[in-house]
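Participant: Predicted model, plus sequence, below.
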Amino acid sequence: MIGGDEATKAPAAGAPQPLEWNFSQVFGERAAGEEVQEVDIISAIEFDRTGDHLATGDRGGRVVLFERNDTKDHYGHRRDLERTDYLISRHPEFRYKTEFQSHEPEFDYLKSLEIEEKINKIRWCHAANGALFLLSTNDKTIKFWKVQEKKVKKVCDLNVDHSRAMGNGPVVCSRKSASSKQCMENGGCNERPSGYSSIDASLPSGGVPPLRLPVVTTHETSPVAKCRRIYAHAHDYHINSISNNSDGETFISADDLRINLWNLEISSQSFNIVDVKPANMEDLTEVITSAEFHPTHCNTIAYSSSRGSIRLIDMRQSALCDTHSKLFEEQEVPGSRSFFTEIIASISDIKFAKDGRYILSRDYMTLKLWDINMDRGPVTTFQVHEYLRPKLCDLYENDSIFDKFECCLSGDGRHVATGSYSNLFRVFGCSEGSTEATTLEASKNPTRRQVQTPTRPSKPPGTLPRVLRRGADTSGADANGSAFDFSTKLLHLAWHPTENSVACAASNSLYMYYA
Amino acid sequence: MYTADEPLYPIAVLIDELKNEDIQLRLNSIRRLSTIARALGEERTRKELIPFLNENNDDDDEVLLAMAEELGVFIPYVGGVEHAHVLLPPLETLCTVEETCVREKAAESLCRIGSQMRESDLVDWFIPLVKRLAAGEWFTARVSACGLFHIAYPSAPETLKIELRSIYSQSCQDDMPMVRRSAAMNLGKFAATVESAHLKTDILSMFEDLTQDDQDSVRLLAVEGCAALGKLLEPQDCIAHILPVIVSFSQDKSWRVRYMVANQLYELCEAVGPEPTRTELVPAYVRLLRDNEAEVRIAAAGKVTKFCRILNPELAIQHILPCVKELSSDSSQHVRSALASVIMGMAPVLGKDATIEQLLPIFLSLLKDEFPDVRLNIISKLDQVNQVIGIDLLSQSLLPAIVELAEDRHWRVRLAIIEYIPLLASQLGVGFFDDKLGALCMQWLKDKVYSIRDAAANNLKRLAEEFGPEWAMQHIIPQVLEMTNNPHYLHRMTILRAISLLASVVGSEITNSKLLPVVINASKDRVPNIKFNVAKVLQSLIPIVDHSVVEKTIRPCLVDLSEDPDVDVRFFANQALQSIDHVMMSS
């Protein structure tokens, strides 16, 4: 094992077959030579818990929703339902559902700060009555959205002929009224009669026959997004994470120094549960980089820091959880310290596995899988960027070293994935005995640049994989001679909750793959 | 088609606007639903309006909320109780929407209607509705269902009762925590309608399920159920089933659960009787008073008086008072603040000796607390302790505390103490007040913050009310009048304000002789703001002084002001003049 070469290690008997990845779909594919607009760059991806819906957010503050083609939802067209039979056996395919402008650029006049509209995170909430609910956030403000199929209505049989009653009043045009002359929109009546109370008194007891209720006919439906609540003014620093609680009524939002707890129904107040701000800002040594609720334990939160540690807090212990209940960090290897050690240790993202026992974390060089019952070190470390180690200086100078890559786990917890440069992303097998390590490119031909660099170190207790594994990964994608392109980075990706399907964002395009 | 000159035109418009594109107009129409119903008549309301509303529930939440509310009082418009069931379908639909406040309102309206319905109608219409909601596909329906059982259950025949109990029990184990929370929240109401034989079996097992829920938020609500349930049960059942639960809750891992226990514990004391209270609840409460989590101590400290009232004095002195002593020097200012707001109430419970010996030192230390809220809370309840030990013992410590608060650098603290000055004055008596506090009251008139100056002026009025015009004439008015030549115009304005407030209390004679000349004099001020305030004050004096004075003094002054170069001065002067004319005409 010390040599660390997978070749020396026979795959354990019954080791799972590596996944065969295939291209499924692309949305917003760039034509050759087309320039990408800054606002179109995708900045968040999230599947809902059923996997029937997918949301992306972009730097322009928009949220785009996709829905699975083969869902048995209530609004599916007959044609789709008929197709379901043969679709059901296939991998999930999505279609565009709707999009809406979630955030607008703002200016904080008190602090003289521009607030970007960029969507930092999207989280889905429980669906109800066929309406979808999600939270989206930019640097400062979280919004709660409801997306619902609204019937397009046509109102007719009115009591008052508004075209006459209004005289030369404004003519309200509507796309619906054009279709029929008898049915007209009831709108634009500005002169409202008053004094109903006098009418009340004079009403004949039997009612007045000629009065009639408007007849509403509905035709097709279309999804409409409505902002239900805005949770604002609770963060002094930039929000990096939001996460729903399993209790269905609360969520957290985290910025660099604080984590706040909200009730979904109450936007006027939140409770500060973690505050790492030192009394003197010069003493600041570490910031919060990501935070997530445990998937089933309503009182457990994990948050990661810029120094590479993950803390678990138990909200039952205290109202202000400044003391963690568990701390996960890897011991520094003596002698390996360099100028970049602290920078590359910073965790950019953490995710709980579905069962809540494991936490996946991503730092600049590696993916680490932690068992929450074992705090002396990660269960496994996957090398992602080891080949970049000689180039850290360049990466520091062009700021790439501060890129925040996200990570994700498959629904069954047997695979993990994370992004890299040159629009590549890597998938690792993490079940017992797996040596799977695949590099895929976010393009229609994902395996074009794939080089089999089996790098998965299965870590026996006591070994120090990061150092020992060094070099195992140097082949990297350099093997085929192409230089890494640090401007095309794949930061955001998400794994379908129930199937082996990954959605990832390459700039403004959303690529989907299945295995 | 209706045209504008027909009498029913407004109603016609109102009906049309039920479907207007402008939400304000739709809201308006929904709020006038009863008008529409009367215009249509009972039968058409039943056959057309209600089905129409039921079909058109795809609206904004604001409109749905209004609809849910209106339908709750709609029985008269559909032809009385025998037709009440026609109102159920639209409310049933509203019970399933995603917005909580709409669902709650719809459930409330359903309960209101259900409680008026005839028993047979309940069986035919209401109970099936509850069952449908409880079996709803989405959690929203199931959440609403839990709040309807207490209406449905009493009139159900025996077989249905069994079914309803079992449905409720399923809700207590629903997959969605929202439903379990609703079940926990409504358990007390439902239990109150269930026969006592089933209480011990069915309801208690549901309660036990809820108390062991994974979700803290469900267990929290189960705690609330403890007290309600405890009151329904026989004492021995309560001791056997509820007491162990509450004792274990009081040691729950989650501080929020303990917090709820701390808030609720005293309510359970009566249900279990004195002996278990002594052996079980007092130790539990003492633990909560010493809890690690400040929030729990805050809740526990806030209930100290209520808890002691239930206990006999020896128990309180022996077990609770030592904790109170500890809490008075708690590290959390909020704990001390919570304690300070209730600790006064313990005096009557403990009796005079124990109060002087034990409570007074605590009380004095709180009065010297570094945190102003703590001191304020003590002072605000001064009357309670005064009744027990008398003011003399206190006054020595009280005064420094008041003076310090009066000069606190936070204006909100100064404001708070000003609000209590009349109460203090009534407790301390004229003599004490004159010596010590009079100067403070004058000092506030010159505060840098407007709110304080304004409150100070108001305070003078309240003092004058408390001690009478004669006292005011001697102790307030001279000092106030002295300040009329203050170089700062804002302070002169404060004085004008004080004068107008005092005038209404001290009567026409003093106003005539002392206050009015000062006001008239101020009308020659060089600052226009003062001048138009003079106009305003004069207007307020009109009803207080005699007609002759108005004509002889006030009117000429106002006439002068109405020719002032400043437009605002002229405006207010003219307004005051008009008001004189108005008074003259009416008299």
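Facilitator: Received, thanks. All of these numbers come straight from a predicted model, not from anything done at the bench.
Participant: For chain A, give me its nearest residue in chain B.
Facilitator: Chain B approaches chain A most closely through residue B:41 (2.3 Å), counting by Cβ to the nearest Cβ. No exception for glycine: its C-beta is placed from N, CA and C like everyone else's.
Participant: Need the per-residue pLDDT for residue 475.
Facilitator: All of this refers to chain A. Predicted confidence (pLDDT) for residue A:475: 39.
Participant: that's the wrong chain, I wanted chain B
Facilitator: At residue B:475, pLDDT is 85.
Participant: now residue B:160, nearest residue through space, not along the chain?
Facilitator: residue B:127 (6.1 Å; Cβ to Cβ, 6 or more residues apart in numbering or on different chains).
Participant: list the contacts for that neighbour?
Facilitator: Residues in contact with residue B:127 (Cβ atoms under 8 Å, 6 or more residues apart in numbering or on different chains) are B:152, B:155, B:156, B:160, B:164.
Participant: can you rerun that using 10 Å?
Facilitator: Applying Cβ atoms under 10 Å, 6 or more residues apart in numbering or on different chains, we find residue B:127 in contact with B:114, B:121, B:148-149, B:151-153, B:155-157, B:160-161, B:163-164.
Participant: can you give me how far stretch B:88-95 is from the chain middle?
Facilitator: 31 Å (Cα atoms, centre = their mean, to the nearest Å).
Participant: so how far is stretch A:31-42 from its chain's centroid?
Facilitator: For stretch A:31-42, the distance to the chain centre is 20 Å (Cα atoms, centre = their mean).
Participant: what about residue A:436, neighbour count?
Facilitator: 19 (other Cβ atoms under 10 Å in any protein chain shown).
Participant: hang on, the earlier thing: where's the residue nearest to residue B:160, which helix or strand?
Facilitator: Assigned by DSSP states H and E, residue B:127 belongs to helix B:127-134.
Participant: could you point out which element follows that helix?
Facilitator: With secondary structure assigned by DSSP H and E, helix B:127-134 is succeeded by helix B:139-146.
Participant: Let me know the average pLDDT across the helix or strand just after that next one.
Facilitator: Toward the C-terminal end, the helix or strand that comes next after helix B:139-146 (DSSP H and E) is helix B:149-152. The average pLDDT within helix B:149-152 is 94.
Participant: same for helix B:149-152, what does it pack against?
Facilitator: helix B:100-114, helix B:127-134, helix B:158-171, helix B:177-193 (3 or more Cβ pairs under 10 Å, 6 or more residues apart in numbering or on different chains; DSSP states H and E).
Participant: Would you mind writing the CA trace of the first one as CSV?
Facilitator: Included here for helix B:100-114 are C-alpha records, laid out as CSV according to Å, rounded to 0.1, in the frame of the first residue of the first chain:
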residue,chain,number,x,y,z
THR,B,100,-50.5,28.4,6.6
CYS,B,101,-52.5,31.5,7.5
VAL,B,102,-55.2,30.7,4.9
ARG,B,103,-55.5,27.1,6.1
GLU,B,104,-55.7,28.2,9.7
LYS,B,105,-58.4,30.7,8.9
ALA,B,106,-60.3,28.1,6.9
ALA,B,107,-60.1,25.6,9.7
GLU,B,108,-61.2,28.2,12.2
SER,B,109,-64.2,29.0,10.0
LEU,B,110,-65.0,25.3,9.6
CYS,B,111,-65.0,25.0,13.4
ARG,B,112,-67.3,28.0,13.7
ILE,B,113,-69.7,26.6,11.2
GLY,B,114,-69.4,23.0,12.5
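Participant: Now do it against helix B:139-146, angle only.
Facilitator: 40 degrees (axes from the mean of the first three to the mean of the last three Cα atoms, to 10 degrees).
Participant: Please pull out the lowest mean pLDDT helix or strand from the chain.
Facilitator: Unless you meant another one, I'm taking chain A. helix A:465-468 (a mean of 36; mean pLDDT, DSSP states H and E).
Participant: you looked at the wrong chain, it should be chain B
Facilitator: helix B:382-389 (a mean of 70).
Participant: next structured bit after it?
Facilitator: helix B:391-406.
Participant: Of all the residues in the next helix or strand after that next one, which ones are buried?
Facilitator: With elements assigned by DSSP H and E, the helix or strand that comes after helix B:391-406 is helix B:411-428. Neighbour-count burial for helix B:411-428 flags B:413-418, B:420-428 (criterion: 16 or more other Cβ atoms under 10 Å in any protein chain shown).
Participant: Same check on stretch B:137-148?
Facilitator: For stretch B:137-148, by 16+ other Cβ under 10 Å, it's B:138, B:139, B:140, B:141, B:142, B:143, B:144, B:145, B:146, B:147, B:148.
Participant: Stretch B:225-235 too?
Facilitator: Within stretch B:225-235, the residues scored as buried using 16+ other Cβ under 10 Å are B:225, B:226, B:227, B:228, B:229, B:230, B:231, B:232, B:233.
Participant: now swap in stretch B:482-502 and tell me
Facilitator: For stretch B:482-502, by 16+ other Cβ under 10 Å, it's B:483-484, B:491-502.
Participant: Filter these down to the ones in helices?
Facilitator: B:491, B:492, B:493, B:494, B:495, B:496, B:497, B:498, B:499, B:500, B:501, B:502 (DSSP state H).
Participant: So which residues of the stretch 201-350 of chain A form helices?
Facilitator: A:341-345 (DSSP state H, counting those that start in this stretch).
Participant: now the strands: where do they sit in it?
Facilitator: A:215-231, A:241-244, A:250-254, A:258-263, A:266-275, A:288-293, A:300-305, A:310-314, A:326-328, A:347-352 (DSSP state E, counting those that start in this stretch).
Participant: Go through the ones you listed and name the closest to chain B.
Facilitator: strand A:215-231 (5.8 Å).
Participant: Nearest residue to residue A:65 in space, ignoring adjacent ones along the chain?
Facilitator: That would be residue A:97: by Cβ to Cβ, 6+ apart, it lies 4.3 Å from residue A:65.
Participant: Doesn't the one you found lie inside a strand?
Facilitator: Yes. Assessed with DSSP: H, G, I helix; E, B strand; the rest coil, residue A:97 lies in a strand.
Participant: measure it to chain B for me?
Facilitator: According to Cβ to the nearest Cβ, to the nearest Å, residue A:97 stands 18 Å off from chain B.
Participant: Just after whatever helix or strand residue B:209 lives in, pick out the following helix or strand.
Facilitator: In the assignment (DSSP H and E), residue B:209 maps to helix B:204-211. For helix B:204-211, the succeeding helix or strand toward the C-terminus, using DSSP H and E, is helix B:216-232.
Participant: between that next one and strand A:250-254, how many degrees?
Facilitator: 140 degrees.
Participant: Give the next helix or strand downstream of helix B:216-232.
Facilitator: Following helix B:216-232 toward the C-terminus (DSSP H and E): helix B:235-237.
Participant: Just name whatever secondary elements the helix or strand that that next one is followed by is in contact with.
Facilitator: Remark: after helix B:235-237, the chain's next helix or strand is helix B:243-249, criterion DSSP H and E. In terms of contacts (3+ Cβ pairs under 10 Å, 6+ apart), helix B:243-249 is packed against helix B:204-211, helix B:216-232, helix B:255-272, helix B:282-289.
Participant: Alpha carbons only: can I get stretch A:492-505 in CSV?
Facilitator: Only the C-alpha atoms of stretch A:492-505 are listed here, as CSV (Å, rounded to 0.1, in the frame of the first residue of the first chain):
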residue,chain,number,x,y,z
HIS,A,492,-21.2,23.5,-9.6
LEU,A,493,-22.7,20.1,-10.0
ALA,A,494,-25.4,18.0,-8.4
TRP,A,495,-26.2,14.3,-8.3
HIS,A,496,-29.7,13.0,-8.8
PRO,A,497,-31.1,11.9,-5.5
THR,A,498,-32.2,8.4,-6.7
GLU,A,499,-30.4,7.6,-9.9
ASN,A,500,-26.9,7.8,-11.3
SER,A,501,-27.3,11.0,-13.1
VAL,A,502,-25.2,14.1,-12.7
ALA,A,503,-26.0,17.7,-13.7
CYS,A,504,-23.1,20.0,-14.0
ALA,A,505,-22.6,23.6,-15.1
